[in-house]
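Student: generate a structure from the sequence data that follows.
(2 chains)
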There are 2 protein chains.
Amino acid sequence: MAYCYDFPRPALTVDCVVFGLDEQNSLKVLLIRRNLPPFKGEWALPGGFVRPDETLEQSARRELGEETGVKDIFLEQLYTFGAVERDPRDRIITVAYYALVNLTEHTINATTDADEAKWFPIDALPSLAFDHLHIFQQALQRLKGKLRYEPIGFELLPQKFPLSQLQHLYETVLGKPLDKRNFRKKILKMGLLTALEEWQTDVAHRAARLYAFDPEQYQELKQQGFNFEL
Amino acid sequence: MAYCYDFPRPALTVDCVVFGLDEQNSLKVLLIRRNLPPFKGEWALPGGFVRPDETLEQSARRELGEETGVKDIFLEQLYTFGAVERDPRDRIITVAYYALVNLTEHTINATTDADEAKWFPIDALPSLAFDHLHIFQQALQRLKGKLRYEPIGFELLPQKFPLSQLQHLYETVLGKPLDKRNFRKKILKMGLLTALEEWQTDVAHRAARLYAFDPEQYQELKQQGFNFEL
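Tutor: Numbers count the residues shown, from 1 in each chain, chains lettered A, B, ... in the order given. Predicted structure coming up:
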């Protein structure tokens, strides 16, 4: 069966850049190995064609689920990539989404649409199909930028954590060390965290105080944005 | 002639939200009156279908030029809107772009694609076709958010200006008054402006000092972003 239109139409896909933090707080990205041409056998971002009856975000969730088994994550739209020659098959425009998740909470399960799905450390990526390296780089840049304007960590850290763990999360995403005193001073000033009357246990070094996010303040700052000079 | 594909394809359009500042520093948006159904005779954002041989941004520039006569402006991608029922004709997904320009530098000239093109004050919009009110609102929110993270004004203000004029620009976009002392202190701290040894002339009140943007610093802050608590 063929679908015919009066004017030529570009094809439309979605692609997902899912960043995952592992137990060692190292930053990874979820890739799939393609089982169809073009770029058959090569690694790529999970994604695929948008169906007429689904929104762009539904499409991104469906493709991500089908190709990697990863479900129920909060995807944000990144950017729409429309360079004329970006896909060798045809004029194909892609709407990219991105997310940052706790890797340990998601089971990878590649299905019929991909040969394999796997987390790769962001500093050791294989060569990627299409313009997917470019899309990945844009997503990483956006994620780094976001840290300055929005709180992160609520979905990534345990309920109670020492400040060093939150600092480590920031350092991982930014890919650079931060000054400890400065970080503590600034993060506490935001009123984002509640200092608990609890301390670390089972540590060899001096036990650090534990903190928790204030959920209301967290949501409010997520809406309003803030200014976190890092 | 018909263009046929193995799978159904949504149609793809671009839409432009062009904000303009007029001589009174009031904020307007550029709309066109549609001369084709659906919504014939109603006001809408300038835009149209993406052609196979042009990038999304080229498409946005072309449509804007054809429908309004406005050319040579810097468009930024806003967001891609893909709600399933957003267009009564068909499944049509639109990539929205936005810009902020000095209205006095652009001549409006509606051509065959639109009956009329006109600047409307943002607080007195007519009813808009499709989901264009929603797109406009998203663009306005983005523009307001941008002020906090990026310098603006270089393309909008004269080469030399008193600080009050820059403050007025911020107040116009934000739609609220700002504290004068606070604004001056913060904006000067950024190193964005060069204080000139020149003062206003021909003013009834006490002549204010004139400032100019430091072009290098401006570009650097545009790249890096900054934190401007307003």
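
Student: how about the strands in chain A?
Tutor: For chain A, the strands defined by DSSP state E cover A:3-5, A:11-21, A:27-34, A:43-44, A:47-49, A:76-81, A:92-102, A:114-121, A:161-162, A:193-199, A:209-213.

Student: now those strands as JSON lines including mean neighbour count and distance to B:Glu66?
Tutor: Heads up, the C-betas are built off the backbone N, CA and C, glycines and all. Output for the strands of chain A, formatted as JSON lines (neighbours: other C-beta atoms under 10 Å in any protein chain shown; distance: least, C-beta to C-beta, whole Å):
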{"stretch": "strand A:3-5", "mean neighbour count": "12", "distance to B:Glu66": "21"}
{"stretch": "strand A:11-21", "mean neighbour count": "24", "distance to B:Glu66": "23"}
{"stretch": "strand A:27-34", "mean neighbour count": "22", "distance to B:Glu66": "39"}
{"stretch": "strand A:43-44", "mean neighbour count": "20", "distance to B:Glu66": "37"}
{"stretch": "strand A:47-49", "mean neighbour count": "20", "distance to B:Glu66": "30"}
{"stretch": "strand A:76-81", "mean neighbour count": "19", "distance to B:Glu66": "21"}
{"stretch": "strand A:92-102", "mean neighbour count": "23", "distance to B:Glu66": "21"}
{"stretch": "strand A:114-121", "mean neighbour count": "17", "distance to B:Glu66": "42"}
{"stretch": "strand A:161-162", "mean neighbour count": "19", "distance to B:Glu66": "56"}
{"stretch": "strand A:193-199", "mean neighbour count": "12", "distance to B:Glu66": "53"}
{"stretch": "strand A:209-213", "mean neighbour count": "18", "distance to B:Glu66": "50"}
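
Student: with mean pLDDT added, can I get the ones you listed in TSV?
Tutor: Formatted as TSV, these follow (pLDDT from 0 to 100):
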stretch	mean pLDDT
strand A:3-5	95
strand A:11-21	96
strand A:27-34	96
strand A:43-44	97
strand A:47-49	96
strand A:76-81	97
strand A:92-102	96
strand A:114-121	91
strand A:161-162	94
strand A:193-199	95
strand A:209-213	95
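
Student: low pLDDT regions in chain A?
Tutor: Chain A contains residues with pLDDT under 70 at A:110-112, A:230.

Student: residues of it that sit close to chain B?
Tutor: By the rule C-beta under 8 Å from any C-beta of the partner chain, the part of chain A lying against chain B is A:1-12, A:49-57, A:77, A:79-80, A:82-84, A:91, A:93, A:95, A:145, A:148-149, A:225, A:227-229.

Student: selecting buried members of the residues you listed in PyMOL, what would you type?
Tutor: The buried subset of those, as determined by 16 or more other C-beta atoms under 10 Å in any protein chain shown, is captured in PyMOL by this line:
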select buried, chain A and resi 8+9+10+11+12+49+50+51+54+56+77+79+80+82+91+93+95+148+149+228
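
Student: in helices, which of the residues of chain A next to chain B appear?
Tutor: A:Leu56, A:Glu57, A:Gly145, A:Arg148, A:Tyr149 (DSSP state H).

Student: closest to chain B out of these?
Tutor: Here the nearest of those to chain B, counting by C-beta to the nearest C-beta, is A:Leu56; it sits at 3.7 Å.

Student: which residue is the nearest non-sequential neighbour of that closest one?
Tutor: B:Gly82 (3.7 Å; C-beta to C-beta, 6 or more residues apart in numbering or on different chains).
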